[in-house]
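Peer 1: with the input below, show me the fold.
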Amino acid sequence: MRTVHFIAIGGSAMHNLAIALHRQGFEVTGSDDEIFEPSRSRLDRLGLLPDKLGWSPEDITPDFILKQFDQDANGSISRDEAKGHKVLVKGFQLVDTNRDNVLDRGEIEKAIVLIRKALK
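Peer 2: Here you go, the predicted structure:
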């Protein structure tokens, strides 16, 4: 199952898109600083309302990254799976230390450290 994470899932357009993808069989997650009605109740009815409001760099984990980009669910991210995601493509060469064109869990953890440093 493909997972999609929405930043600002409570927005008038974003929550509708999240609901539409959920109804098409996608696993949908999201985050937002504030979620108002009617978005809140619509997301809640479908089990899509985030457990907590806001986000922090600690929310970015290897599992979160893998859910977003590991299309073949093999526990790593290939260069092809990274295509179309500018930040991941640019960072790929920095963290693919063994130059095999695949990011394994250890390399993803290194990337997360870099992301968290950049966000501080």
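
Peer 1: look up how far Gln71 lies from Val4.
Peer 2: Using Cβ to Cβ, to the nearest Å, one gets 12 Å for the distance from Val4 to Gln71. To be clear about C-beta, it is placed using only N, CA and C from the backbone, and glycine gets the same treatment.

Peer 1: out of the two, which sits in the more crowded spot?
Peer 2: Val4 (15 against 11; other Cβ atoms under 10 Å).

Peer 1: in stretch 35-49, which residues are buried?
Peer 2: Ile35, Ser39, Arg42, Leu43, Leu48, Leu49 (16 or more other Cβ atoms under 10 Å).

Peer 1: centre of the chain versus it, how much separation?
Peer 2: 19 Å (Cα atoms, centre = their mean, to the nearest Å).

Peer 1: how about the CA coordinates for that stretch, as CSV?
Peer 2: Written as CSV, here are the backbone C-alpha positions of stretch 35-49 (Å, rounded to 0.1, in the frame of the first residue of the first chain):
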residue,chain,number,x,y,z
ILE,A,35,-7.1,22.1,12.2
PHE,A,36,-10.5,23.8,12.2
GLU,A,37,-14.0,22.7,11.4
PRO,A,38,-15.2,21.2,9.1
SER,A,39,-11.8,19.7,8.2
ARG,A,40,-11.3,18.4,11.8
SER,A,41,-14.5,16.4,12.0
ARG,A,42,-14.2,15.1,8.4
LEU,A,43,-10.7,13.9,9.0
ASP,A,44,-11.6,12.4,12.4
ARG,A,45,-14.5,10.4,11.0
LEU,A,46,-12.2,8.6,8.6
GLY,A,47,-9.4,8.1,11.1
LEU,A,48,-7.1,10.6,9.4
LEU,A,49,-6.9,13.3,12.1
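
Peer 1: could you list the domains of the chain?
Peer 2: 3-55, 59-119 (automatic domain parsing).

Peer 1: output the top helix by length along the chain as CSV, nothing but the C-alphas.
Peer 2: Determined from DSSP state H, the single longest helix within the chain is helix 105-119. Coordinates of each C-alpha in helix 105-119 appear next as CSV, following Å, rounded to 0.1, in the frame of the first residue of the first chain:
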residue,chain,number,x,y,z
ARG,A,105,18.5,2.2,6.7
GLY,A,106,21.9,3.3,8.0
GLU,A,107,22.3,5.9,5.2
ILE,A,108,18.7,7.1,5.8
GLU,A,109,19.6,7.6,9.4
LYS,A,110,22.6,9.7,8.4
ALA,A,111,20.4,11.8,6.1
ILE,A,112,17.9,12.4,9.0
VAL,A,113,20.7,13.7,11.2
LEU,A,114,21.6,16.2,8.4
ILE,A,115,17.9,17.2,8.0
ARG,A,116,17.5,17.8,11.7
LYS,A,117,20.7,19.9,11.8
ALA,A,118,19.4,22.0,8.9
LEU,A,119,16.1,22.6,10.6
